[in-house]
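> attaching a predicted model along with its sequence, questions to come.
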Amino acid sequence: MVQIAILGFGTVGSGIAEVIDGNQEEIRRDFPEGLNVKYILDLRDFPDSPYADRVVHDIDIILNDPEIRVICETMGGKNPAFDFSRRALERGISVCTSNKELVDALGGKLAVVAKEHNCSYLFEASVGGGIPILRPLRTSFSQEFVTDILGILNGTTNYILTKMEEEGLEFSEALKQAQDNGYAEKNPEADIEGYDPCRKIAILASLVTGKNVKYQQVPCEGISAIDKADLAYARRLNRAVKLLGVCHHDRSTGKIFVRTAPYMVPQGHPLHAVNDVFNGILVRGNMVGDLMFYGSGAGKLPTASAVVSDVIECVQNQGRNIDIGLNNTEAELIDPMTTKSRFFVRVSADKAAEAAALFDGIEAVSSEDPAEYAFVTGVVTEAEFAEKSQKLGAKSIRLL
Ligand code: HSE
């Protein structure tokens with residue numbers, strides 16, 4: 001049996017052990033040797049767990065065991081996850097992770113270390129949970145130039161927006177439901193302010209370009225300012241509000257544009273129908289056109305399943321590097337202020353004439369609130385919109 005170790009026995013780490021034991025028969029179909037979890041590294045002990053006898057507290061026990069072929073890093077955070085992963089890779093032990101924070105910050109560096117030591121650094125589970133998205137990008141799109149990725153990449157915020165839409169809840173009420181159902185954390189900032197999907201679109205943008213895109217470089221807006229009225233306006237426009245990660249790769253310049261923000265998505269668009277905690281990722285190739293990936297973007301077993309799929313690929317490629325195409329150089333980003341969109345805008349009713357004078361060809365949207373004037377702009381640059389909307393004290397959402 002191929003021996004592996006799990007670093008961090010939290011939700012995803014314990015899920016990995018469950019997937020490997022529960023589906024050993026399925027794993028042996030493609031990989032007859034089978035997999036075994038030999039060690040679990042954690043600060044805690046788990047006396048009531050069936051895995052209690054495999055728990056160790058010293059990383060060196062794992063790194064010095066010549067039987068260990070793959071490590072699953074599910075500790076989260078940058079340290080000591082980076083140090084443990086680097087040391088494993090330097091010994092030729094492949095590392096598979098769901099840790100998007102580390103992948104976003106230092107994935108390019110670890111990918112290079114893996115290459116130098118004929119092993120692999122894979123992170124399928126860091127984006128879209130159980131949805132296979134990074135492997136298809138690396139394999140099925142080899143012949144394609146990926147021009148765009150548009151993704152609902154955060155289950156918690158998609159659940160909140162769906163509840164607001166379906167049950168007419170205000171943001172705070174829907175957030176409470178998400179917390180009561182165990183989707184949103186007690187401190188929900190990373191989800192509702194968009195930092196989590198921002199990291200995920202940064203990882204996707206890095207893989208599309210082969211160069212590092214860091215989440216700090218990605219303009220990021222969350223959904224905490226979205227209210228019930230925004231959703232009602234979206235409905236009137238035959239749209240739904242979705243928090244999207246978007247990236248556009250320009251073939252002529254090689255530059256990339258990345259953003260995370262709420263968008264009004266039109267009915268009929270494949271992302272319009274992605275509801276509840278599900279994720280959906282639309283990938284546009286210059287030859288293949290639009291392909292849609294849909295499924296559970298979070299959760300113990302879906303995420304663990306994605307990590308185990310990476311483990312199997314690593315052991316099938318033992319002794320050689322699976323090239324994920326990241327070379328640890330900096331990506332060239334398109335200035336976000338130069339990009340163009342149409343915007344849905346809300347201003348106070350007394351600003352209607354000023355709004356019409358500032359923007360060409362606006363289309364009014366009927367409002368239930370006599371104190372408010374709502375409209376949709378034509379296509380404008382971010383810079384132009386920012387300047388004009390500031391004058392109006394406007395609240396806005398981009399149209400997809
Ligand atoms: N908080 C994340 C989500 C978990 O809701 O999608 C998966 O990264």
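Here it is on my side, so go on.

> which residues touch the closest residue in space to residue 195 that isn't next to it in sequence?
Spatial nearest neighbour of residue 195, excluding adjacent residues (Cβ to Cβ, 6 or more residues apart in numbering): residue 220 at 6.6 Å. Heads up, the C-betas are built off the backbone N, CA and C, glycines and all. Listed by Cβ atoms under 8 Å, 6 or more residues apart in numbering, the contact set of residue 220 reads 193, 194, 195, 198, 259, 260, 261.

> how many other residues sit next to the fourth one?
Neighbour count for residue 198, taken as other Cβ atoms under 10 Å: 29.

> for the contacts of residue 220, which one is nearest the ligand?
Nearest to the ligand, judged by Cβ to the nearest ligand atom, of the contacts of residue 220 is residue 195 at 9.9 Å.

> domain assignment for this protein?
2-129+301-316, 137-295, 337-399 (automatic domain parsing).

> measure the residue nearest to residue 80 when sequence neighbours are not counted to the ligand for me?
Once flanking residues are discounted, residue 80 sits nearest to residue 59: 7.8 Å by Cβ to Cβ, 6+ apart. Applying Cβ to the nearest ligand atom, to the nearest Å, one obtains 25 Å for the distance of residue 59 from the ligand.

> same thing with residue 258?
Distance from residue 258 to the ligand, counting by Cβ to the nearest ligand atom: 18 Å.

> secondary structure class for that residue?
Going by DSSP: H, G, I helix; E, B strand; the rest coil, the secondary structure assigned to residue 258 is strand.

> list the beta-bridge partners for it.
In this entry, residue 258 is beta-bridged to residue 247, by DSSP bridges.

> neighbours of it, how many?
Count around residue 258 with other Cβ under 10 Å applied: 29.

> still on that earlier bit, show the pLDDT at the residue nearest to residue 195.
With respect to pLDDT, residue 220 scores 98.

> so it bridges to which residues?
Applying DSSP bridges, one finds that residue 220 bridges with residue 260.

> quick check: residue 361 touching residue 376?
No. In this structure, residue 361 is not within contact of residue 376 by Cβ atoms under 8 Å, at 9.5 Å.

> when those two are compared, which one has more neighbours?
residue 376 (19 against 9).

> identify the residue nearest that one in space, chain neighbours excluded?
Spatial nearest neighbour of residue 376, excluding adjacent residues (Cβ to Cβ, 6+ apart): residue 363 at 4.7 Å.

> state the phi and psi torsions of the one you found.
phi -110, psi 120 (degrees, to the nearest 10).

> near the ligand, which residues of this structure are found?
129, 154, 155, 156, 191, 196, 297, 298 (Cβ under 6 Å from any ligand atom).

> wait, what's in contact with the second one?
Spelled out, that is residue 154. Taking Cβ under 8 Å, 6+ apart, we find residue 154 in contact with 191, 194, 196, 197, 200, 243, 279, 297.

> same check, this time on the fifth one
Taking Cβ under 8 Å, 6+ apart as the criterion, residue 191 is in contact with 154, 156, 157, 184, 185, 222.

> can I take it that it is in a helix?
Yes. Checked against three-state DSSP, residue 191 lies within a helix.

> mind listing what the closest residue to it other than its chain neighbours touches?
Counting by Cβ to Cβ, 6+ apart, residue 156 is the residue found nearest to residue 191 once chain neighbours are left out, at 4.1 Å. By Cβ under 8 Å, 6+ apart, the contact list for residue 156 reads 178, 183, 184, 188, 191, 192, 196, 277, 298.

> same thing with residue 101?
Contacts of residue 101 by Cβ under 8 Å, 6+ apart are 76, 77, 78, 199.

> hmm, which of the residues you listed are the buried ones?
76, 199 (16 or more other Cβ atoms under 10 Å).

> let me have the contacts of residue 101 in TSV, extended by secondary structure.
Below are the contacts of residue 101 laid out as TSV (three-state DSSP):
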residue	secondary structure
76	coil
77	coil
78	coil
199	helix
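
> columns pLDDT on top of the contacts of residue 101, output as CSV?
Output for the contacts of residue 101, formatted as CSV (pLDDT from 0 to 100):
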residue, pLDDT
76, 94
77, 95
78, 96
199, 96
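
> looking at the contacts of residue 101, which is nearest residue 119?
Closest approach to residue 119 among these (Cβ to Cβ): residue 78, at 20.7 Å.

> which ones are touching that closest one?
101, 102, 105, 106.

> which of these lies closest to the ligand?
Nearest member of those to the ligand, counting by Cβ to the nearest ligand atom, is residue 101, at 10.2 Å.

> tell me, what residue is most central in the protein?
Geometric centre of the chain, nearest residue: residue 200, 2.9 Å, by Cα atoms, centre = their mean.

> re the thing from before, farthest-separated two in the residues of the chain next to the ligand?
129 and 191 (13.3 Å).

> distance between stretch 132-141 and the chain's centre?
15 Å (Cα atoms, centre = their mean, to the nearest Å).

> and it, what's its mean pLDDT?
According to the model, stretch 132-141 has a mean pLDDT of 96.

> let's see that stretch as CSV, backbone CA atoms only.
Extracted in CSV, the C-alpha atoms of stretch 132-141 (Å, rounded to 0.1, in the frame of the first residue of the first chain):
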residue,chain,number,x,y,z
PRO,A,132,-12.8,19.3,-10.7
ILE,A,133,-11.6,22.6,-12.2
LEU,A,134,-7.8,22.9,-11.9
ARG,A,135,-7.1,19.5,-13.4
PRO,A,136,-9.4,20.1,-16.5
LEU,A,137,-7.7,23.5,-16.9
ARG,A,138,-4.3,21.8,-16.9
THR,A,139,-5.3,18.9,-19.2
SER,A,140,-8.5,19.4,-21.2
PHE,A,141,-7.5,23.0,-22.1
